[in-house]
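**Student:** coords please:
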Amino acid sequence: MDPLLSSLCSICHIDPPKYTCPRCYVNTCSLTCSKRHKLWASCSGVRDPTVFRPMSELATPSGIDHDYNFLHSIEHRLERSEKLLVEDIDALSRAELQRARAGEDEEEWKRRHEKEARGDACIARTLREMKCRVITAPKGMRRNKENTSGWNRRHGAIHWQVEWMRGEPAERTLYRVLGNHAIGKAYDLICEEERILAMSPEEKRADKKRKANEFKAAQARKAKKARLDDGRLPQLSTTSVLQDPERRTWDFTPVYMAPPEVSKEDSPEPEPTIPQRNYHLYLLRPLTPSSFPKVLVPLDLDKSLTDLLRKREVLEFPTIYVLDRPPEDLPEKFMLEMHYLVAMGKVQKEEPDTDTDMSDSSEEQLGDSSGSSDEDSDESMEEGEIL
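**Tutor:** A predicted model of the protein is given here:
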């Protein structure tokens, strides 16, 4: 006797069914028929937990399994979303997530983290004094995650994270620099640190021995200089030099003895001179049109970042290019900021003085800088430009 069609697979009608669709309860006999059913009926094959089920079906082992699987899937999705926010894209910290879950007030959380709030307040106050605008990238972006700038309480300055682009093609490295230290000296220390890290153990021992000898020689020179300074000081004497022959009285007027002569051999050795730097530092101006080359600002190596970043914009942290070419001989992919400002029309070249506007032009020259040329005034008109 042939079986009924209802007892066979609802797709092929050949074999008896082995599987049941969790969503629409269609019986199928194989994986091929199950995929065909999903394609024909546009079925996802996922159980819908919102479908009404009678009480008789809930109080069964299968009903309890369905409820347990539904609750477990919710927990699993929460764990995956937390991992995505905290670890993958770093959108917020785990402490912030726990604070949000506990419903803790933000003001109370700030009071408990008063130390961090004080550092942020110091940074904000320093940036206001510098008139420096720090543009923050969206949380979770690479530049935001790399920004480790903070407040240094010992030096009372911002400890900037700096992106160093060295050579051509540019090699990117990240090092922190104190805001009140000269940028040239800070870069020299970075190069010295990299040189020490790249040394072999034998070279490190030789370098350590050389520094010890230099330290001993410096201490000897310092002690020698101190002895010579003590010898040069005039000696105060209360002993009388002359006695008045008429009144027979002693003269107790203080007398300064002549300092001893110092020979050239005993003079202290001169301090070692700083080696000449064969590089130039340039600050990258952010947020410029992509049709322009990269806009660079020449930096004074003897100035600090606090002075160099006044009245400027920074994208999370400053980017500094280290090139061996002077500003007059930059590659084509770079351009100076003063040329960029002229091209954008932010700095207008001054026209020759006429009879009608001679008085106005004289007042402007007195306001800007007397005796300066037209080109120098164009370079200094942009607010916050580093010369």
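
**Student:** in a helix, Val134, correct?
**Tutor:** No. The assignment for Val134, made by DSSP: H, G, I helix; E, B strand; the rest coil, is strand rather than a helix.

**Student:** contact partners for it?
**Tutor:** 127, 313-314, 316 (C-beta atoms under 8 Å, 6 or more residues apart in numbering). (Each C-beta comes from the backbone N, C-alpha and C, glycine too.)

**Student:** low pLDDT regions in the protein?
**Tutor:** Under the criterion pLDDT under 70, the flagged ranges of the chain are 1-5, 106, 109-117, 230-276, 347-387.

**Student:** ok, 80 please
**Tutor:** Judged by pLDDT under 80, the chain has its weakly predicted residues at 1-6, 49-50, 53, 57-58, 62, 90-119, 139-140, 168, 228-277, 346-387.

**Student:** wasn't Ser44 part of a helix?
**Tutor:** No. Assessed with three-state DSSP, Ser44 is coil; it does not lie in a helix.

**Student:** determine the longest strand present in this protein.
**Tutor:** Longest among the strand segments of the chain by residue count, using DSSP state E, is strand 157-166.

**Student:** can you put the contacts of Val134 in JSON lines and add secondary structure, distance to Val297 and neighbour count?
**Tutor:** Supplementary listing: these in JSON lines, determined by DSSP: H, G, I helix; E, B strand; the rest coil; distance: C-beta to C-beta, whole Å; neighbours: other C-beta atoms under 10 Å:
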{"residue": "Leu127", "secondary structure": "helix", "distance to Val297": "18", "neighbour count": "15"}
{"residue": "Glu313", "secondary structure": "strand", "distance to Val297": "11", "neighbour count": "14"}
{"residue": "Val314", "secondary structure": "strand", "distance to Val297": "12", "neighbour count": "21"}
{"residue": "Glu316", "secondary structure": "coil", "distance to Val297": "18", "neighbour count": "20"}
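
**Student:** got a markdown table for the residues you listed, with distance to Arg325 too?
**Tutor:** Shown next, in a markdown table, are the contacts of Val134 (distance: C-beta to C-beta, whole Å):
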| residue | distance to Arg325 |
| --- | --- |
| Leu127 | 32 |
| Glu313 | 25 |
| Val314 | 24 |
| Glu316 | 27 |
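
**Student:** just these now: which is nearest Ser149?
**Tutor:** Distance ranking of the contacts of Val134 against Ser149, using C-beta to C-beta, places Glu316 first at 8.1 Å.

**Student:** need phi/psi at the closest one.
**Tutor:** Main-chain dihedrals, Glu316, degrees, to the nearest 10: phi 70, psi -60.

**Student:** not counting its neighbours along the chain, what's nearest the one residue sitting closest to the centre of the chain?
**Tutor:** Nearest to the mean C-alpha position of the chain, counting by C-alpha atoms, centre = their mean, stands Gln161 at 2.7 Å. Distances taken as C-beta to C-beta, 6 or more residues apart in numbering put Phe317 closest to Gln161, at 4.2 Å, once the chain neighbours are dropped.

**Student:** does the one you found touch Trp160 like I think?
**Tutor:** Yes. Proximity of Phe317 to Trp160 meets the contact threshold set by C-beta atoms under 8 Å, at 6.0 Å.

**Student:** which of these two has more neighbours?
**Tutor:** Set side by side, Phe317 and Trp160 give different neighbour counts by other C-beta atoms under 10 Å, the larger being at Trp160 (23 against 18).

**Student:** next up, the contacts around that one.
**Tutor:** Applying C-beta under 8 Å, 6+ apart as the definition, the contact partners of Trp160 turn out to be 149, 176-179, 305, 317-318.

**Student:** hmm, try it at 10 Å
**Tutor:** Residues in contact with Trp160 (C-beta atoms under 10 Å, 6 or more residues apart in numbering) are 147-150, 152, 175-179, 181, 186, 305-306, 309, 314, 317-318.

**Student:** helices - which of those residues land there?
**Tutor:** Counted as lying in helices by DSSP state H, out of these, are 186, 305-306.

**Student:** part of a helix, is Asp90?
**Tutor:** No. Asp90 is assigned coil when assessed by three-state DSSP, not a helix.

**Student:** wait, doesn't it sit right on Ala137?
**Tutor:** No. Between Asp90 and Ala137 no contact is recorded; they are 11.6 Å apart, counting by C-beta atoms under 10 Å.

**Student:** overlap in contacts of the two?
**Tutor:** For the pair Asp90 and Ala137, residues contacting each of them under the criterion C-beta under 10 Å, 6+ apart are 144-145.

**Student:** what about the helices in the protein?
**Tutor:** The residue ranges that make up the helices of the chain, judged by DSSP H, are 31-41, 55-58, 61-83, 94-102, 106-112, 114-130, 142-146, 183-197, 201-232, 305-308, 337-344, 358-368, 374-380.

**Student:** could you say what helices and strands the second one packs with?
**Tutor:** When contacts are defined as 3 or more C-beta pairs under 10 Å, 6 or more residues apart in numbering; DSSP states H and E, helix 55-58 packs onto helix 61-83.

**Student:** hmm, 6 Å instead?
**Tutor:** In this structure, helix 55-58 packs against no helix or strand, with contacts taken as 3 or more C-beta pairs under 6 Å, 6 or more residues apart in numbering; DSSP states H and E.

**Student:** hmm, who's touching that helix?
**Tutor:** Contacts to helix 55-58, defined as C-beta atoms under 6 Å, 6 or more residues apart in numbering, come from residues Gly63.
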